[in-house]
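A.B. asks: coordinates for the following, if possible.
(2 chains)
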Amino acid sequence: MAPALLPPFELSITSGELAVREALGRFIAALSPISLEVEETGTVELVMAEVLNNIVEHAYPDATKPGPIDIRCAHKADGLHVSITDAGLAMPDGKLPLGEPVSVDVALDDLPEGGFGWFLIQDLAKDVHYARNSHQNRLTMRLPVGMTG
Amino acid sequence: MELSTKTEEQLRIVSVQDSRIDASVALEFKDAMRSETDGGPDLVVLDLSNVEFIDSSGLGAIVAAMKNMGADRKLALAGLTPTVQRVFQLTRMDSVFSVFPTLDGALAELRG
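C.D. replies: Sure, this is the predicted structure:
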């Protein structure tokens, strides 16, 4: 018998620095019935952290005007299908950043202190897709963990 | 963001007491590292054994701490937990720092 799939779940937060920690805690807790490996949990937490931090920093850049972030998760045989929706500013050029690896073969002063986020998302998540509709950003992706197929 | 430090003859050990270095504390971590490393020994070992999670902002803050120390000094990392280690590997930042599995191992090597 194939292992059971987790029923779909949703959670909503209002953007803010500490809201990301709260959302990650709730998201990981919701996955506890499927007992992910430590590495799988690390993948989920890291990708979700990067996506949510980007929304807090770039979609809702004015901390005095926070907005909603809605997360939906469906567990399927090929992993977790996650969608994250916000009503903030659109992605620059309406497209996903490429997420290229940063260059590490440089002098100390030229080492990058940022730009790792989209690389980690694109590296760890599959089928990452972005759409802007009705003043909303919607990012969908598949996290290849908890696979039963 | 709580750091504890211990200074030996040739090096200083800075231990992160929090379990996360993420976007909400990255700036605070950077400032705390600056005050713990400015004017201290040339060799600093950052003990990350209590840290279970870092995100890209936390990684950037550790890079910033090393840059702030300057090219003539060294920041070594010790006690990386599996999830933290993976972030360094994926971004290839493990090639930029001296990385030691344990604090004791780092000290045995670095005390020379």
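A.B. asks: for chain B, which segments count as strands?
C.D. replies: With DSSP state E as the criterion, chain B has strands at B:3-7, B:11-16, B:20-21, B:43-47, B:53-54, B:74-78, B:98-100.
A.B. asks: typo on my end, it should be chain A
C.D. replies: Going by DSSP E, chain A shows strands at A:9-14, A:68-76, A:79-86, A:126-133, A:136-143.
A.B. asks: need these in a markdown table (columns: mean pLDDT).
C.D. replies: Compiled in a markdown table, the strands of chain A are given as follows (pLDDT from 0 to 100):
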| stretch | mean pLDDT |
| --- | --- |
| strand A:9-14 | 97 |
| strand A:68-76 | 98 |
| strand A:79-86 | 98 |
| strand A:126-133 | 96 |
| strand A:136-143 | 98 |
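A.B. asks: out of those strands, which gets nearest to B:Asp72?
C.D. replies: When those are compared by Cβ to Cβ, strand A:126-133 sits nearest B:Asp72, at 41.5 Å. Where you see a C-beta, it was placed from the backbone N, CA and C, and this is true even at glycine.
A.B. asks: excluding chain neighbours, what is closest to A:Leu6?
C.D. replies: Nearest non-adjacent residue to A:Leu6, counting by Cβ to Cβ, 6 or more residues apart in numbering or on different chains: A:His75, 3.9 Å away.
A.B. asks: and the residue minimising distance to the centre of chain B, what are its bridge partners?
C.D. replies: Centroid-nearest residue in chain B, with Cα atoms, centre = their mean: B:Leu46, separated by 3.1 Å. Note on B:Leu46: beta-bridge partners by DSSP bridges are B:Val14, B:Leu77.
A.B. asks: contacts for the longest helix along chain B, please.
C.D. replies: Secondary structure of chain B per DSSP state H: the longest helix is helix B:56-69. With Cβ atoms under 8 Å, 6 or more residues apart in numbering or on different chains as the contact definition, helix B:56-69 has outside contacts at A:50, A:53, A:108-109, A:111-114, A:116-117, A:120, B:20-23, B:25-27, B:29-30, B:33-34, B:37-38, B:44, B:46, B:54, B:75, B:77, B:87-88, B:91, B:93, B:96-97.
A.B. asks: below-threshold pLDDT in chain A: ranges please.
C.D. replies: A:1-3, A:149 (pLDDT under 70).
A.B. asks: up against chain B, what does it have?
C.D. replies: Residues of chain A lying near chain B by Cβ under 8 Å from any Cβ of the partner chain: A:17-18, A:20-21, A:38-39, A:41-42, A:45-46, A:49-50, A:53, A:56-57, A:101-102, A:104, A:107-109, A:111-114, A:116-117, A:119-120, A:123-124.
A.B. asks: select only the buried ones of the residues you listed in PyMOL?
C.D. replies: PyMOL command restricting the residues of chain A next to chain B to the buried ones, with burial defined by 16 or more other Cβ atoms under 10 Å in any protein chain shown:
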select buried, chain A and resi 20+21+41+42+45+46+49+50+53+56+57+102+111+113+116+117+119+120+124
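A.B. asks: which of the residues of chain A next to chain B fall within helices?
C.D. replies: Going by DSSP H, the helices hold A:17-18, A:20-21, A:38-39, A:41-42, A:45-46, A:49-50, A:53, A:117, A:119-120, A:123-124 from those.
A.B. asks: tell me the contacts of A:Pro68?
C.D. replies: A:12-15, A:86-87.
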